[in-house]
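[1] predicted model, plus sequence, below.
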Amino acid sequence: GFANLPSNRGDFLYSDRVTDRRHGNVWQLQLYPGGTKVSDKNIMSVFLHNVEGPDVNAKTTFIVRDAYGNAFHRETSEDVDSYKALKECFGYFTFIKRSDILDDANSILLRGTLIIDVEVQTASRPKRLV
């Protein structure tokens, strides 16, 4: 489970890939359970990659769910980001404290599993009139 993942700063792993059948994109999360080398120590970092499909302009919301499905922590991008397939990723260097995830009182881990939902709200580019 999450508690046993490598948690030194810079250690990372990828989630399973998820296909968006509507737009044809394949998405994947990159997690740094103990943070990146430039983030604060023991603050989990998370990034979303467009690993296959067309480029997407979107706002995203990352949500950590507790074991009951409630939103425990959420971060929403302020800007529309351009997710270019295999080139760009966006997310948070400072997302959530690892200790908050591991604290049994918060009931975040479901049988050891961390649940992160990502909502992707696509944005269309303005069309030129001239």
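    Received the coordinates, thanks. What you see is a predicted model, and the numbers here were worked out from it, not measured in a lab.
[2] my read: Leu5 touches Pro33, true?
    Yes - with the criterion set as C-beta atoms under 8 Å, Leu5 and Pro33 qualify as a contacting pair; they are 4.6 Å apart. The C-beta positions use only the backbone N, C-alpha and C, and glycine is treated the same way.
[3] what is in contact with those two at once?
    Between them, Leu5 and Pro33 have 11, 13 as joint contacts when contacts are counted by C-beta atoms under 8 Å, 6 or more residues apart in numbering.
[4] the more surrounded of the two?
    Set side by side, Leu5 and Pro33 show more neighbours around Pro33, with 23 against 16, by other C-beta atoms under 10 Å.
[5] doesn't Gly1 make contact with the more buried one?
    No - counting by C-beta under 8 Å, Pro33 does not reach Gly1; the two are 11.0 Å apart.
[6] what's the first helix or strand after the helix or strand bottoming out on mean pLDDT in the chain?
    For the chain, the helix or strand with the lowest mean confidence is strand 81-83, at a mean of 89 (criterion: mean pLDDT, DSSP states H and E). Towards the C-terminus, the helix or strand next in line after strand 81-83, according to DSSP states H and E, is strand 89-97.
[7] next SSE after that next one?
    Following strand 89-97 toward the C-terminus (DSSP H and E): helix 98-102.
[8] now for that next one, which elements pack on it?
    Using 3 or more C-beta pairs under 8 Å, 6 or more residues apart in numbering; DSSP states H and E as the contact criterion, the secondary-structure elements in contact with helix 98-102 are strand 43-52.
[9] tell me the angle the strand it packs on makes with strand 89-97.
    Counting by axes from the mean of the first three to the mean of the last three C-alpha atoms, to 10 degrees, strand 43-52 lies at 160 degrees to strand 89-97.
[10] same for strand 43-52, what does it pack against?
    strand 25-32, strand 56-65, strand 81-83, strand 89-97, helix 98-102, strand 115-122.
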